[in-house]
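Asker: Here you go, sequence then predicted model.
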Amino acid sequence: MASGGYRPAMGVDQYLATEVATQGTPGVRKELQVGTDFPIVCETCLGPNPYVRMIKVRFGEKLCKVSNVPMQSFRWKAGPGGRFKETIVCREVAVEKNICQACLTDMTFGVPVGVRDALLRSGGAGADGGGYVEALSNANQAHYYNQRRAEIDAGGTSVGAASRLEPSRELLQLARRIEGANKKSVGTAFRNLPKICSFWMAGTCTRVLKGTCPFRPCCGIFKFPELARNHREECAALVADLTANGAAKAMATTPDRTRQLINEAISVNKEEAIRNRAAGRDDSATYYASKQKEVKQLEKPKDPSCTTLWVGRVTQGAFTERDFVDAFYSFGQIRGVRIAGASAFVEFEDRAAAEAAADATYRNLVVKGESLPVDWAKPRGESRGAIAAANAPLPPPK
């Protein structure tokens, strides 16, 4: 298990060697091959339905968006509220870069390719040697990926250098945050949402009046990843209007500014956007990388005698003192652990051990599969009970 309680998902190379991929004999391929008989896709792209009807398209009808070579394409519906999705890169690209054939995120950690390459322990964020040297011309691409196809067909399970490097703490931390956010999300994942109705955007959709339009927001799904990241106020106002008045009425009342922002977000060169995403040059990689740099360490208390850490969101009966001893003992000798209400207090013998534990577990503590917040405990005189008692009115004189 990796540090911090996070267990990475199975990468492409591990899956290619399983009994499922080889029909009972690991390492020896028979008739069933991943990428040829079933796509290399992440669980999010498959959707919540455990029974997926996978449509296998005739080989060569689609070209890989990265290598421009004929590929085996697949198509499926990503859950009841999701849209039909398809693979957009060939098996060789997915194996080489350890990515999902549909959304192009890393199969092991679920993060964008650019973030993974920057945070792998091959040089850290900002290193120039963590990515890939791309074959740009059609001839070079065809030659390179033909070699990769022959290697995979011959039984080789090796993938690109990214999957063989040791992940950094920052990568594991970001992967756990994304995994936790996906578990808390309700409904259809952003990447599986139906497409925006162009007629609704123009104010001329007639199927929304009949309730037969399968696109957003006519179908009743009021999620807008096109606005959620950079234009939160406009997104919240649009969702409120749709919730209160419905898609039919909101079609006439949506501000032109909001329509323009959505059109700008979807009016991009899709072919170029796919290549940038596979190479780690997309906006998502930049966004997550900048967010990761914003993560700061806890401010150390001025009192050098303070050696106690506070842990929040402690569900009563779900955790014991022993659980927190096991989570913190590696940082130094623990004087004691106390659970009070929804909080736990871990006291160390010396300040150095407490500081090491605080730096390592801030936004990075997982106990029994639950992500718990960590902070320095306040002195007893600054507790909520003491403050409330100090501010309480004095009793009337006798």
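Answerer: Arrived safely. Residues are numbered from 1 along each chain as shown.

Asker: what about the closest residue to residue 376 other than its chain neighbours, neighbour count?
Answerer: Spatial nearest neighbour of residue 376, chain neighbours left out: residue 301 (5.1 Å); criterion: Cβ to Cβ, 6 or more residues apart in numbering. For glycine as for every other residue, the C-beta is placed from the backbone atoms N, C-alpha and C. By other Cβ atoms under 10 Å, the residues close to residue 301 number 18.

Asker: and the longest helix anywhere in the chain, what's its mean pLDDT?
Answerer: The longest helix of the chain (DSSP state H) is helix 232-253. Helix 232-253 carries an average pLDDT of 93.

Asker: That one packs against which elements?
Answerer: helix 207-210, helix 225-228, helix 256-266 (3 or more Cβ pairs under 8 Å, 6 or more residues apart in numbering; DSSP states H and E).

Asker: make it 6 Å
Answerer: helix 207-210, helix 225-228 (3 or more Cβ pairs under 6 Å, 6 or more residues apart in numbering; DSSP states H and E).

Asker: what would the ones you listed look like in JSON lines with distance to residue 351?
Answerer: Shown next, in JSON lines, are those (distance: least, Cβ to Cβ, whole Å):
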{"stretch": "helix 207-210", "distance to residue 351": "63"}
{"stretch": "helix 225-228", "distance to residue 351": "42"}
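
Asker: In a markdown table: those, plus mean neighbour count, mean pLDDT and distance to residue 283.
Answerer: Putting the helices and strands packed on helix 232-253 into a markdown table (neighbours: other Cβ atoms under 10 Å; pLDDT from 0 to 100; distance: least, Cβ to Cβ, whole Å) gives the following:
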| stretch | mean neighbour count | mean pLDDT | distance to residue 283 |
| --- | --- | --- | --- |
| helix 207-210 | 15 | 91 | 30 |
| helix 225-228 | 16 | 90 | 11 |
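
Asker: the strands in this protein, which residues?
Answerer: Remark: strands assigned in the chain by DSSP state E are 55-56, 62-63, 70-71, 74-77, 84-86, 308-311, 334-340, 343-348, 365-367, 370-372, 374-376.

Asker: do you know which of these lies nearest residue 326?
Answerer: strand 365-367 (8.3 Å; Cβ to Cβ).

Asker: Each with direction, which strands does that closest one pair with?
Answerer: Using DSSP bridges, the strands paired with strand 365-367 are strand 370-372 (antiparallel).

Asker: so what's the residue nearest to the spatial centre of the chain up against?
Answerer: Per Cα atoms, centre = their mean, the C-alpha nearest to the average position across the chain is that of residue 178, at 3.5 Å. Taking Cβ atoms under 6 Å, 6 or more residues apart in numbering, we find residue 178 in contact with residue 110.

Asker: can you rerun that using 8 Å?
Answerer: Applying Cβ atoms under 8 Å, 6 or more residues apart in numbering, we find residue 178 in contact with 110, 111.

Asker: Kindly report the same for the one 4 residues further on.
Answerer: For residue 182, the contacting residues are 44, 110, 189, taking Cβ under 8 Å, 6+ apart as the criterion.

Asker: what does residue 379 give?
Answerer: So residue 379 contacts 303, 306 (Cβ under 8 Å, 6+ apart).

Asker: outside of the longest helix of the chain, which residues touch it?
Answerer: For helix 232-253, using Cβ under 8 Å, 6+ apart, the contacting residues are 200, 203, 205, 208-209, 217-218, 220, 222-224, 227-228, 254-255, 257-258, 261.

Asker: Please tell me how far the nearest residue to residue 196 once chain neighbours are set aside sits from residue 202.
Answerer: Nearest residue to residue 196, sequence neighbours excluded (Cβ to Cβ, 6+ apart): residue 216, at 5.4 Å. Relative to residue 202, residue 216 is positioned 14 Å away (Cβ to Cβ, to the nearest Å).

Asker: Looking at these two, which has the bigger crowd around it?
Answerer: residue 216 (23 against 11).

Asker: and that one, what does it touch?
Answerer: 193, 194, 195, 196, 197, 222, 223, 224.

Asker: which pair in those residues spans the largest distance?
Answerer: By the measure Cβ to Cβ, 195 and 222 form the most distant pair in the contacts of residue 216, at 14.5 Å.

Asker: Residue 116 contacts residue 109, correct?
Answerer: Yes - counting by Cβ atoms under 8 Å, residue 116 touches residue 109, with 6.2 Å between them.

Asker: Closest to residue 331 out of the contacts of residue 182?
Answerer: Out of these, the member with the shortest distance to residue 331 (by Cβ to Cβ) is residue 110, at 28.1 Å.

Asker: how close does that closest one get to residue 60?
Answerer: Distance from residue 110 to residue 60, by Cβ to Cβ: 31 Å.

Asker: neighbour count winner among those two?
Answerer: Each of residue 110 and residue 60 has its neighbours counted (other Cβ under 10 Å); residue 110 has more, 21 against 11.
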